[in-house]
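Undergrad: The following comprises the amino acid sequence and a computationally predicted model.
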Amino acid sequence: MKRLTLALLAASLAAGESVPDWVSEAARQTVATYPPKVNTVELLREESVTVQSDGRIESRERHVVRVIQRGRNSLDAVVEYNPKGGKVRELQGWMLPPSGKTINLGKNQVADVSLATSYEYDEERARVLAAGNLEPGAIFAWEAVSEEKTIFAQYDYSFQHAEPVLVSRFSISLPAGWEARGTVLNHPVFQPAMAGNSYTWELRDLPWLEAEEHSPSIAGLAPRLGVNYFPSDNSRADLRPVKDWSAQSALEAGFFDPSAEVSDAVRNKARELTARAATETDKIRAIANFVQKTNYVAVEIKLARGGGLIPHKADEVLARNYGDCKDKATLMRALLRAVNIDSWIVSIYSGSREHVHPEWTASQFNHAIIAVRVSPDTKLPTVLETPRLGRLLIFDPTSRVTPLGDLPEDEQGSYALVVAGSQGELLTMPLLPPELNRVESEAEAQLNPDGTLSAHIQRHYFGEPATRLRYTATLEQHDELKHTFEEALSYRLGGLELKKIEPSDRMQDDQFLVNMDVSVKQFGTTLQGRLLMVSPGTLGRRSGYSFPAKPRAFPVKLRAEALRDSVTLNVPATFKVDELPDPVKLTSAYGAYSAQWKADGNRIHFEQSLEVKDTLAPAAEYAKIRQFFDKVDTAQNSSVVLVKE
């Protein structure tokens with residue numbers, strides 16, 4: 001691979017203020033030629049952790065970034081911390097332009113910000129050092145020193161984000177008589193270098209991770225390291241090794257359980273909510289609906305790095321009517337306990353179902369939901385049968401748009417820890433089948449002699465598709481919902497006017513209904529002055545999957561979903577149907593599709609059915625997946641030929 005050197009670096013260093021040796025050393029490295037989309041490359045990414053005998057840690061981060069081309073955003077150094085248990089002692093930086101003097105960035109350029117300033121409270125804060133939008137060839141280096149009293153003797157290090165990295169290094173130094181165990185994730189296993197009681201893991205020449213459509217998140221693909229550390233002689237009860245997930249559950253339960261006490265206020269509220277509930281399911285739903293409406297005021301709980309782990313007491317959350325995810329789950333636990341229903345907090349990762357690795361026993365989570373023990377009388381799709389705790393109904397009380405019996409899509413199928421003392425276990429969350437995540441659509445359309453078309457479309461959304469629309473309708477308002485449909489329909493039909501849209505939310509039944517009236521400026525293609533080609537399938541819902549003809553680097557992620565479309569197209573009396581496409585039936589490991597076209601006088605009937613299986617397929621199967629969805633797309637756009645009489 002072609003390489004280029006930083007020819008102007010030496011002059012820049014000589015002309016400006018001095019920089020640390022580690023910056024100079026990193027800056028002297030040669031850099032590969034990367035694809036045009038790459039804006040920066042990390043020359044050095046390093047974190048060194050020193051553990052004190054009392055468990056307190058000091059972390060020193062060093063980063064050296066070279067700009068290849070200007071991006072849209074400023075280059076920033078961001079160091080998060082929790083003021084209750086930690087602080088950032090130092091943060092400084094250096095800017096090395098390709099020509100001119102080196103610029104030192106000190107404490108006067110550092111801002112201290114809240115991570116969620118729009119909420120009523122949030123413990124997490126960050127120190128930020130902004131370098132700005134630097135010119136190509138420039139280098140931004142920074143160093144931060146933080147200290148923290150951790151809750152868990154565990155550490156999580158990411159060797160990279162999406163940008164390429166030349167050297168990525170993590171080291172941990174322990175007191176005498178301590179030991180560390182590392183688990184390498186998303187990368188072949190390799191052993192650390194050891195010097196005394198220090199352990200160092202290092203990777204070099206990490207490539208750019210280009211985001212690909214329908215693939216796991218970059219965080220689920222980038223190499224990571226999980227480290228557990230502890231005294232070898234078990235001399236400290238609070239820092240003993242966590243040997244399995246039951247032990248991790250017992251550890252977390254000590255923080256979660258005390259806050260779920262049932263006070264008189266909680267007991268009275270539970271009685272009020274369930275006064276008209278006839279069944280166990282009705283009681284749980286009444287309490288779930290109430291807790292969902294409790295205001296959400298925090299971003300994440302930072303389980304692995306200390307801070308924000310202990311929930312507020314249930315009666316405090318009830319009185320204030322706000323809390324974060326663990327507060328809302330705790331309130332729901334207390335309300336359920338008041339009506340004699342057992343439940344437990346579930347530690348889960350929100351944002352990527354691939355994030356949690358069962359081989360690393362640690363708190364890898366950023367979110368809290370709930371598991372409710374139910375009898376056989378409660379029959380909902382998100383009920384799990386477990387050997388230790390029986391039948392568990394999984395529910396996320398933080399999501400205001402996901403009803404009882406459903407789960408946010410990124411939480412389905414993920415690993416999560418049911419925090420039930422020593423009886424807790426890591427479980428795979430429920431994964432809803434395609435039938436429960438479906439869209440049913442009916443369209444009645446009139447084609448006019450001038451090629452314009454008017455149509456009434458009714459779409460019925462269930463499960464996750466309903467949740468996505470409900471989010472848009474309730475949190476982003478009606479205009480955004482209309483824009484969403486206008487954009488999707490225009491992609492298929494060209495110029496159009498969405499004359500009317502009427503949404504109807506039926507959240508209790510996990511459904512969302514949309515009625516639309518559409519006017520299309522030109523529907524179909526005229527040939528030879530007497531032939532008209534029209535595609536009834538374009539009035540239905542497309543699959544949502546489109547794959548370009550280029551090499552694939554990462555696995556392909558398909559979500560379980562189904563669609564059923566029925567289209568009736570009325571054609572002018574001056575035309576008759578001359579040719580219909582042949583029926584289509586496709587079956588593959590990734591799903592199944594069928595379509596058929598029928599003529600009845602001057603009416604054309606089109607029906608299609610698509611079922612997509614929940615899939616995480618290796619990149620080697622990309623060609624097969626692309627071929628299947630290309631065939632689906634071709635069928636959906638197949639033309640009926642009309643002839644003018």
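TA: Arrived safely, thanks for sending. Numbers count the residues shown, from 1 in each chain.
Undergrad: the helices in the stretch 101-250 of the chain, which residues?
TA: Applying DSSP state H, counting those that start in this stretch to the stretch 101-250 of the chain gives helices spanning 245-256.
Undergrad: same deal with the stretch 501-645 of the chain?
TA: Using DSSP H, counting those that start in this stretch, helices in the stretch 501-645 of the chain cover 622-636.
Undergrad: how near is the spatially most central residue of the chain to Asp410?
TA: Centroid check for the chain by CA atoms, centre = their mean gives Gly351 as the closest residue, at 2.5 Å. Between Gly351 and Asp410 the computed distance is 6 Å (CB to CB, to the nearest Å). Using the backbone N, CA and C atoms, a C-beta is placed for each residue, glycine as well.
Undergrad: now Val23
TA: Distance, Val23 to Asp410, by CB to CB: 39 Å.
Undergrad: What pLDDT does the model give the closest residue to Gln446 other than its chain neighbours?
TA: In this structure, Gln446 finds its nearest non-sequential neighbour in Asn570, 4.8 Å apart by CB to CB, 6 or more residues apart in numbering. In this model, Asn570 is scored at 96, pLDDT.
Undergrad: now Leu303
TA: If you check Leu303, the pLDDT there is 42.
Undergrad: so what does the helix or strand Lys87 falls within touch, helix or strand wise?
TA: Secondary structure assignment for Lys87, by DSSP states H and E: strand 86-96. Secondary-structure packing of strand 86-96 (3 or more CB pairs under 8 Å, 6 or more residues apart in numbering; DSSP states H and E): helix 9-15, helix 21-27, strand 75-81, strand 103-105, strand 125-132, strand 139-149.
Undergrad: Kindly recompute the last result at 7 Å.
TA: Counting contacts by 3 or more CB pairs under 7 Å, 6 or more residues apart in numbering; DSSP states H and E, strand 86-96 is packed against strand 75-81, strand 103-105, strand 125-132, strand 139-149.
Undergrad: Check those strands for me and report the most buried one.
TA: Looking across these with neighbours counted as mean count of other CB atoms under 10 Å, the highest average goes to strand 139-149: a mean of 21.
Undergrad: how about that strand as CSV, C-alpha atoms only?
TA: Output in CSV follows, covering the C-alpha atoms of strand 139-149 (Å, rounded to 0.1, in the frame of the first residue of the first chain):
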residue,chain,number,x,y,z
ILE,A,139,-2.5,17.0,14.1
PHE,A,140,-4.5,17.2,17.2
ALA,A,141,-3.1,15.5,20.3
TRP,A,142,-4.6,15.5,23.8
GLU,A,143,-4.0,13.9,27.2
ALA,A,144,-6.5,13.5,30.1
VAL,A,145,-6.0,12.2,33.7
SER,A,146,-9.0,11.1,35.6
GLU,A,147,-9.6,9.4,38.9
GLU,A,148,-12.6,7.4,40.0
LYS,A,149,-13.8,5.2,42.8
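Undergrad: List the strands paired with it, with their directions.
TA: In the sheet, strand 139-149 lines up against strand 56-67 (antiparallel), strand 86-96 (antiparallel) (DSSP bridges).
Undergrad: what angle do it and strand 125-132 make?
TA: Strand 139-149 runs at 170 degrees relative to strand 125-132, counting by axes from the mean of the first three to the mean of the last three CA atoms, to 10 degrees.
Undergrad: got the contact list for strand 139-149?
TA: For strand 139-149, contacts defined as CB atoms under 7 Å, 6 or more residues apart in numbering pick out 19, 23, 27, 55-66, 75, 77, 79, 81, 85-96, 129, 131, 134, 306.
Undergrad: Export the helices and strands packed on strand 86-96 to CSV and append columns for distance to Arg276.
TA: Listed next are the helices and strands packed on strand 86-96 as CSV, based on distance: least, CB to CB, whole Å:
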stretch, distance to Arg276
strand 75-81, 46
strand 103-105, 62
strand 125-132, 45
strand 139-149, 48
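Undergrad: looking at the ones you listed, which is closest to His312?
TA: Nearest of those to His312, taken as CB to CB: strand 125-132 at 18.9 Å.
Undergrad: What pLDDT is listed against the residue nearest to the centre of the chain?
TA: For Gly351, the pLDDT comes out at 89.
Undergrad: Just grab the bridge partners of Leu225 for me.
TA: For Leu225, the beta-bridge partners under DSSP bridges are Tyr157, Val184.
Undergrad: what's around it, how many residues?
TA: 24 (other CB atoms under 10 Å).
Undergrad: wait, it sits on Gln160?
TA: No. Leu225 is not in contact with Gln160 according to CB atoms under 7 Å; the separation is 11.4 Å.
Undergrad: Pull out the buried positions in the longest helix anywhere in the chain.
TA: The longest helix of the chain (DSSP state H) is helix 477-493. Within helix 477-493, the residues that count as buried by 16 or more other CB atoms under 10 Å are Leu481, Lys482, Thr484, Phe485, Glu486, Leu489, Arg492, Leu493.
Undergrad: one step back: how close does the residue nearest to Gln446 sit to Val641?
TA: Distance from Asn570 to Val641, by CB to CB: 17 Å.
Undergrad: try Leu580
TA: Distance of Leu580 to Val641, given as CB to CB: 8 Å.
Undergrad: Repeat that for Val534.
TA: For Val534 relative to Val641 (CB to CB), the value is 8 Å.
Undergrad: got it, and Ser217?
TA: Using CB to CB, one obtains 45 Å as the distance from Ser217 to Val641.
Undergrad: Same check on Asn197?
TA: Asn197 sits 79 Å away from Val641, going by CB to CB.
Undergrad: which residues in the stretch 101-250 of the chain form strands?
TA: For the stretch 101-250 of the chain, the strands defined by DSSP state E, counting those that start in this stretch occupy 103-105, 110-114, 125-132, 139-149, 154-158, 165-173, 178-185, 193-195, 198-206, 224-231.
Undergrad: Would you mind listing where the stretch 351-500 of the chain has pLDDT under the threshold?
TA: Filtered on pLDDT under 70, the stretch 351-500 of the chain yields the residue ranges 475-478.
Undergrad: which element is the residue nearest to the centre of the chain on?
TA: Assigned by DSSP H and E, Gly351 falls within no helix or strand.
Undergrad: how about it, what does it touch?
TA: Asp410.
Undergrad: and it, how far is that from Arg438?
TA: Noted for Gly351: a distance of 25 Å to Arg438, by CB to CB.
Undergrad: Could you do Pro35 as well?
TA: 39 Å.
Undergrad: what does Ala27 give?
TA: 55 Å.
Undergrad: how about stretch 415-426: buried residues?
TA: Buried residues in stretch 415-426, counted by 16+ other CB under 10 Å: Tyr415, Ala416, Leu417, Val418, Val419, Ala420, Gly424, Glu425, Leu426.
Undergrad: Inside helices: which ones of those?
TA: Counting by DSSP H, no part of the buried residues of stretch 415-426 is found in helices.
Undergrad: Quick check: the two most widely separated of these?
TA: Farthest apart among those by CB to CB are Tyr415 and Ala420. That separation is 15.6 Å.
Undergrad: For Ile310, which non-adjacent residue is spatially closest?
TA: Spatially, and ignoring its direct neighbours in sequence, Ile310 is nearest to Phe255 (5.0 Å; CB to CB, 6+ apart).
Undergrad: and the gap between Val165 and Val41?
TA: In terms of CB to CB, Val165 sits 7 Å off from Val41.
Undergrad: neighbour count winner among the two?
TA: The neighbour count for Val165 versus Val41, taken as other CB under 10 Å, is higher for Val165 (24 against 20).
Undergrad: Surely the more buried one is in contact with Arg45?
TA: Yes. The criterion here is CB under 7 Å, and Val165 meets it with Arg45 at 5.2 Å.
Undergrad: Could you tell me how many residues sit around Pro548?
TA: Using other CB under 10 Å, Pro548 has 9 neighbouring residues.
Undergrad: I appreciate the help and will end here.
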